[in-house]
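Student: from the sequence below, what's the structure:
(one chain, ligands or ions: 2)
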Amino acid sequence: MKLFTTQQIRDWDIYTIKNEPIDSIDLMERAANRLTDWYYENCERYTDITFFCGVGNNGGDGLVMARLLHLLHFNVKCYIVHFSDKISEDFKQNLSRLPKNVPCYDIKEDSDVPVINDETVLVDCIFGSGLSRPPKGITQKTIIEINRSNNPVIAIDIASGLYADHYSTHFQTIIEADITLTLEVPKLAMLFPENDKNVGELNIIPIDLSKKFKEETPSNYFFTTHKNAQEIYRPRKRFDHKGKFGNLLIVGGSKGMIGAVQLATKAGLRAGAGKTTALVPACGYEIIQATIPEAMCISDPSRNHIVASTLVSKYSAIGIGPGIGQHEQTQKAVRSIIEDAEKPIVLDADALNMLSENDEWWSLIPENSILTPHLGEFERLAGIQFINSFDRLEAASKMAKEHNVIIVLKGANTAICLPNGQIHFNSTGNAGLAKGGSGDALLGIISSLLAQKYKPYEAAILGVYLHGKAGDYASADKGFESMVASDVIESLGKAFFELLK
Ligand SMILES: NC(=O)C1=CN([C@@H]2O[C@H](COP(=O)(O)OP(=O)(O)OC[C@H]3O[C@@H](n4cnc5c(N)ncnc54)[C@H](O)[C@@H]3O)[C@@H](O)[C@H]2O)[C@@H](O)CC1
Ligand SMILES: [K+]
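Tutor: Ligands and ions are numbered 1, 2, ... in the order given. Now for the predicted structure:
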């Protein structure tokens, strides 16, 4: 799914109105109908609803919802936040359509801001994508009061006060929503961790804006949906044989860290590689052989850390880094594997930390290789600590372009930065994945897909999607706290199976 800036969304809106054609008031009615349907399906038992409407079109959406929910016998009331004398035409029309028996109060001065102490759902439709400066005066006071109350808050399109396309610093004056119902596509700011408390649970409400505009308007931002993952996925055919699915090598492990390479190897197998081999220090040899009978194992001459490289040309993909440590001799071995590699490889964990300390390695990395740093590893690679996610993402994208590699910036909504400037945000996964071993599983999955001849960008996007989806199954089964990386790997089958639906 392509993501757009607020300016592009405004143009999309205008294009739809002109070309569908549809009147803007009817488009608002359509949007509010979809929002109301969502509320009815998901929150039917919450019968008391208070709307806080601004005087722009976001407020207009709120007024239509209030009317529709009133007709469905919900107990509705509205507050109108008069932040400006410039009132949108569609807002005016919908205010006149609001049934007279819906209580409606104006907020024009500080004393009009209500103290919220009744049990009611609060619907925030003060500002939408039209926000141009931090809220002040009565709007600020209303937002602070909504946040102070412990009532459930649903934000329409975007939490009021939150900038959609750039970093917000006025933290005190942004709605802290429990749920965001965003129209048509997520907005960039919703995908960043610092805005999590403002966004809450994100739901996308399609309102059928023009398909043609979507296809023809360029964007570098994408959100990987189930359908996108299905488009990449290639189901196996009946006569396929193991030779077709590649020969994967996982390089990792050191004394005390054999579990990491074990997880990556298991994940490589579960993600479908035809043959999977682990290269580990001698202390890991028996562990791998005894615990993963399906994998082959090469023992390094050294007992506790890897010191020798191997003949890399016979492998269709190589994943390097899980539990590998940073011993000087290991660095030499890793350097020589990277140097010998002719096809894209996957680098994680200490392999990335070694890269941060050896700038000259960049030129050795085969183009379109995949780097999977978490935020700390990325900051070490970039040599900078970032204050906000926008800057960090921009730096990751720049790095991907500059070095012709794919950067998988791990976190909630993992961002996959491609050398062509595209950034693909993942839509699956949960906080249960924030645990040791999770990254090892991801390295195994991505390398395995690469071994199966998925293009590097496909392996990265699909791998991250599957890893998150498997994590969702694992959390449903074991809970966020209790799930471990092995559960994620065990659940991979369900994630693949789902792609067939
Ligand atoms: N994009 C779409 O296709 C559709 C959008 N709709 C709704 O329309 C919304 C956008 O409507 P608008 O463009 O009217 O934007 P808003 O409803 O966000 O209102 C913006 C107004 O507030 C003013 N303003 C901005 N920041 C301010 C501040 N801090 N203090 C005081 N005034 C401020 C602006 O000058 C503008 O007049 C969307 O978020 C969505 O809810 C829907 O009605 C239907 C379709
Ligand atoms: K809003």
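
Student: what residues does the chain put near ligand 2?
Tutor: The interface of the chain toward ligand 2, taken as C-beta under 5 Å from the ion, is made up of 124, 155-156, 160. (Glycine included, C-beta is placed from N, CA and C.)

Student: please type out the PyMOL selection for whichever of those turn out to be buried.
Tutor: What follows is the PyMOL syntax selecting those of the residues of the chain next to ligand 2 that are buried according to 16 or more other C-beta atoms under 10 Å:
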select buried, resi 124+155+156+160
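
Student: next one: phi and psi at Leu183?
Tutor: When read as degrees, to the nearest 10, the backbone of Leu183 gives phi -80, psi 130.

Student: what about Ser88, neighbour count?
Tutor: 19 (other C-beta atoms under 10 Å).

Student: flag every residue of the stretch 201-350 of the chain that's near ligand 1.
Tutor: Taking C-beta under 6 Å from any ligand atom as the criterion, the stretch 201-350 of the chain approaches ligand 1 at residues Leu209.

Student: check contacts around Lys410.
Tutor: With contact taken as C-beta atoms under 8 Å, 6 or more residues apart in numbering, Lys410 is in contact with 372-375, 439, 442.

Student: in TSV, list the residues of the chain next to ligand 2 along with pLDDT.
Tutor: Output for the residues of the chain next to ligand 2, formatted as TSV (pLDDT from 0 to 100):
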residue	pLDDT
Asp124	98
Ala155	98
Ile156	98
Ser160	98
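
Student: want to throw the residues of the chain next to ligand 2 into CSV with distance to ligand 1 and secondary structure?
Tutor: Formatted as CSV, the entries for the residues of the chain next to ligand 2 read as follows, by distance: C-beta to the nearest ligand atom, whole Å; DSSP: H, G, I helix; E, B strand; the rest coil:
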residue, distance to ligand 1, secondary structure
Asp124, 11, strand
Ala155, 10, strand
Ile156, 6, strand
Ser160, 8, coil
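
Student: for the residues of the chain next to ligand 2, which two are the farthest from each other?
Tutor: Ile156 and Ser160 (8.8 Å; C-beta to C-beta).

Student: list the buried ones in stretch 56-75?
Tutor: Of the residues in stretch 56-75, those with enough neighbours to count as buried (16+ other C-beta under 10 Å) are 56-70, 74.

Student: separation between Asp48 and ligand 1?
Tutor: As for Asp48, its distance to ligand 1 is 23 Å (criterion: C-beta to the nearest ligand atom, to the nearest Å).

Student: next, that residue: phi, psi?
Tutor: With angles defined as degrees, to the nearest 10, Asp48 sits at phi -100, psi 120.

Student: what sits against it?
Tutor: Taking C-beta under 8 Å, 6+ apart, we find Asp48 in contact with 74-75, 118-121.

Student: could you redo the last one with a cut-off of 7 Å?
Tutor: Asp48 makes contact with 75, 119-121 under the criterion C-beta atoms under 7 Å, 6 or more residues apart in numbering.

Student: among the residues you listed, which has the minimum pLDDT value?
Tutor: The member of these with the lowest model confidence is Glu119, at 95 (criterion: pLDDT).

Student: contacting residues around that one?
Tutor: If a contact means C-beta under 7 Å, 6+ apart, then Glu119 has Asp48 as its contacts.

Student: with Leu279 instead?
Tutor: Contacts for Leu279 were tallied using C-beta under 7 Å, 6+ apart; they are 249, 251, 298, 300, 306, 310.

Student: pick the one among those closest to Ala395.
Tutor: Distances from Ala395 to the contacts of Leu279, taken as C-beta to C-beta, are shortest for Val251 (27.5 Å).

Student: what are the phi and psi angles of the closest one?
Tutor: In this entry, Val251 is assigned phi and psi values of phi -110, psi 120 (degrees, to the nearest 10).

Student: same question for Asn75.
Tutor: Residue torsions, per degrees, to the nearest 10, at Asn75 are phi -90, psi 100.

Student: that one contacts Tyr46, correct?
Tutor: No: the pair Asn75 and Tyr46 does not pass the contact test of C-beta atoms under 7 Å, sitting 9.8 Å apart.

Student: before we move on, the earlier item: and of the contacts of Leu279, the nearest to ligand 2?
Tutor: Comparing the contacts of Leu279 against ligand 2 with C-beta to the ion picks out Val251 as the nearest, at 49.2 Å.

Student: so what's the residue count around that closest one?
Tutor: Burial measure for Val251: 30 neighbouring residues, criterion other C-beta under 10 Å.

Student: separation between His70 and ligand 1?
Tutor: With distances taken as C-beta to the nearest ligand atom, His70 is found 19 Å from ligand 1.

Student: surely that residue and Pro103 touch.
Tutor: No: checked against C-beta under 7 Å, the pair His70 and Pro103 is beyond contact range at 10.3 Å.

Student: show me the contacts of Lys410 that map onto strands.
Tutor: Nothing among the contacts of Lys410 maps onto strands, per DSSP state E.

Student: can you pull the contacts of the residue nearest to Ile138 when sequence neighbours are not counted?
Tutor: Spatial nearest neighbour of Ile138, chain neighbours left out: Ile107 (5.4 Å); criterion: C-beta to C-beta, 6 or more residues apart in numbering. Residues in contact with Ile107, defined by C-beta under 7 Å, 6+ apart, are 79-82, 113, 138, 142.

Student: now, which of the residues you listed lie within helices?
Tutor: Here DSSP state H is the test, and those give 138, 142 as lying in helices.

Student: need the contacts of Ile107 in a markdown table (columns: pLDDT and distance to Asn150).
Tutor: What follows is those, written out as a markdown table (pLDDT from 0 to 100; distance: C-beta to C-beta, whole Å):
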| residue | pLDDT | distance to Asn150 |
| --- | --- | --- |
| Tyr79 | 98 | 18 |
| Ile80 | 98 | 24 |
| Val81 | 98 | 21 |
| His82 | 98 | 26 |
| Val113 | 98 | 17 |
| Ile138 | 98 | 22 |
| Thr142 | 98 | 16 |
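
Student: can you tell me which of the contacts of Ile107 are in strands?
Tutor: The members of the contacts of Ile107 that map onto strands under DSSP E are 79-81.

Student: top of the residues you listed by neighbour count?
Tutor: Top of those by neighbour number is Val81, holding 26 neighbours under the definition other C-beta under 10 Å.

Student: how near is that one to Ile126?
Tutor: Here the distance between Val81 and Ile126 works out to 5 Å (C-beta to C-beta, to the nearest Å).

Student: find the residues that touch each one of these two.
Tutor: 52-54, 139, 142.

Student: of the residues you listed, which are in range of ligand 1?
Tutor: Contacts with ligand 1 are made by 54, 139 out of the shared contacts of Val81 and Ile126, judged by C-beta under 6 Å from any ligand atom.

Student: between all of the shared contacts of Val81 and Ile126, which two are separated the most?
Tutor: Using C-beta to C-beta, those span at most 11.6 Å, a distance reached by Cys53 and Thr139.

Student: so these two - more neighbours on which side?
Tutor: For Cys53 and Thr139, the more surrounded residue by other C-beta under 10 Å is Cys53, and the numbers stand at 28 against 24.

Student: contacts only, for Glu458.
Tutor: The contact partners of Glu458, taken as C-beta under 7 Å, 6+ apart, are Ile232.

Student: for it, phi and psi?
Tutor: Main-chain dihedrals, Glu458, degrees, to the nearest 10: phi -70, psi -40.
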